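J.: no letters, just coordinates:
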């Protein structure tokens, strides 16, 4: 007699395995532990076989009967249902291995090697938050440009235009990796079919806010009198003297500095252009660093965070300090670069030396080493003249910023 749900629910475990038949080879095995498992008995190539169909009540009586009927159709067609199921499982595993997420994680493991750990963590977080939910489960070879467009427009819709652009760039790198390594049958990069300006709302580029040269003396005096933490005040002073990027400043480590030689060697992994950068240190910059060394006690980071000393201060620390000094919307940390560039150009310093000091020029490893050796002396003189100029502005003893012959 066929089984009923009522009968299945009432049956209790005993000290022996019970086998209840529903007909057509379908059985419910009731284990001594109380577990209820669906089994289907059949013959293939003259051999008796038993195929598991799941557990009750997760697989209902109706579901078990449907699974039995589907398996019987395969058997009638000359196919072993158990082998067919194993083949389908292997196919799913293969598809999963070639999913965009799987390939992306392979790319990430390869890509992150020389990268700054903080930046690498950010990239993975963006993939997990914005890219994988959209296309992560899709076979990489099947993904087309319209899917990428939907992904970036969804990111843009929440107001994250820059993140949308970065995610599109990252997906392009992952497709290139798959094609180069012959993974998942990927033969083309759909990200190359898309330009951000074609699918994302154009936005007017905003320059970093900065004061002009005549306002610089007042700002420097306010920095000297800043009532916030000493570390923040010293960070702003060092930024003014070196005009490096904010990320390059706050991530600085003491092992990058040689105070006796008056130089700061920033490794390629921390630079936007991914080439090493040398910052000649003026006597004023060295003095700031000596004071900072006494304040922080020589921890690994120059500018550790207030709560977690193993991590650098926030990107917004310097901006927040400038805001409190009355420069909200008027000056940013990045603004020191623009002010320095303007004044140094006006005073006739060599454009190439200024651009090298700003680390604007893309360089390969050979040309980077050459430029450092060729122009370090000239840039050191320029940076000392800049330090003297800022010191004079603070003291109201303003001297002409002269280019040394």
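T.: The structure has been received and is ready for your questions. In this text, all values refer to a predicted model and were calculated from it rather than measured experimentally.

J.: domain ranges for the protein?
T.: Annotated domains of the chain cover 5-92, 100-199, 213-394 [automatic domain parsing].

J.: reformat those as a markdown table; add mean pLDDT.
T.: Compiled in a markdown table, the domains of the chain are given as follows (pLDDT from 0 to 100):
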| stretch | mean pLDDT |
| --- | --- |
| domain 5-92 | 90 |
| domain 100-199 | 89 |
| domain 213-394 | 87 |
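
J.: so can I have TSV of these showing mean neighbour count?
T.: To be clear about C-beta, it is placed using only N, CA and C from the backbone, and glycine gets the same treatment. Formatted as TSV, these follow (neighbours: other Cβ atoms under 10 Å):
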stretch	mean neighbour count
domain 5-92	14
domain 100-199	16
domain 213-394	17
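
J.: need the phi and psi values for residue 243.
T.: Here is the backbone geometry of residue 243 (degrees, to the nearest 10): phi 40, psi 50.

J.: so where do the helices sit in the stretch 1-150 of the chain?
T.: Along the stretch 1-150 of the chain, counting by DSSP state H, counting those that start in this stretch, helices occupy 5-10, 61-76, 81-97, 100-111, 117-126, 132-135, 145-157.

J.: ok, which of those comes nearest residue 25?
T.: Judged by Cβ to Cβ, the one of the helices of the stretch 1-150 of the chain that comes nearest to residue 25 is helix 61-76, at 6.9 Å.

J.: who touches that closest one?
T.: The contact list for helix 61-76, computed with Cβ atoms under 8 Å, 6 or more residues apart in numbering, reads 3-5, 8, 22, 24-26, 28, 38, 40, 42, 44, 51, 53-54, 56, 59, 80-81, 84.

J.: can you say which of the helices of the stretch 1-150 of the chain is nearest to residue 301?
T.: When the helices of the stretch 1-150 of the chain are compared (using Cβ to Cβ), the closest one is helix 117-126, at 11.5 Å.

J.: tell me the helices and strands packed up against that closest one.
T.: helix 100-111, helix 161-181 (3 or more Cβ pairs under 8 Å, 6 or more residues apart in numbering; DSSP states H and E).

J.: so how far is that helix off the chain centroid?
T.: The chain centre lies 3 Å from the centre of helix 117-126; the measure is Cα atoms, centre = their mean, to the nearest Å.

J.: now do stretch 334-344
T.: Worked out by Cα atoms, centre = their mean, stretch 334-344 lies 29 Å from the chain centre.

J.: show residues contacting stretch 292-309.
T.: 229-231, 234-235, 238, 249-255, 289, 310-314, 317.

J.: for residue 280, list each beta-bridge partner.
T.: Legend: beta-bridge partners of residue 280 under DSSP bridges are residue 263.

J.: against residue 349, how distant is it?
T.: 13 Å (Cβ to Cβ, to the nearest Å).

J.: where do the contact lists of these two overlap?
T.: With Cβ under 8 Å, 6+ apart as the test, residue 280 and residue 349 both reach residue 382.

J.: nearest to residue 219, of the helices and strands packed on helix 117-126?
T.: Judging the helices and strands packed on helix 117-126 by Cβ to Cβ, what sits closest to residue 219 is helix 161-181, at 28.1 Å.

J.: now for that closest one, which elements pack on it?
T.: Helix 161-181 packs on helix 100-111, helix 117-126, helix 145-157, helix 196-199, going by 3+ Cβ pairs under 8 Å, 6+ apart.

J.: contacts for the first one next, please.
T.: In this case it means helix 100-111. 96, 120, 123-124, 127, 131-132, 135-140, 143, 171, 173-174, 177-178, 181, 183-184, 186.

J.: could I get the helices and strands packed on helix 161-181 as TSV with distance to residue 263?
T.: Converted to TSV, the helices and strands packed on helix 161-181 look like this (distance: least, Cβ to Cβ, whole Å):
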stretch	distance to residue 263
helix 100-111	30
helix 117-126	24
helix 145-157	41
helix 196-199	39
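
J.: returning to that earlier point: let's see which of the contacts of helix 61-76 end up in strands.
T.: Among the contacts of helix 61-76, the subset assigned to strands under DSSP state E consists of 22, 26, 28, 38, 40, 42, 44, 51, 53, 54, 56.

J.: what's near enough to touch the second one?
T.: What it means is residue 26. 38, 39, 40, 53, 64, 65, 68.
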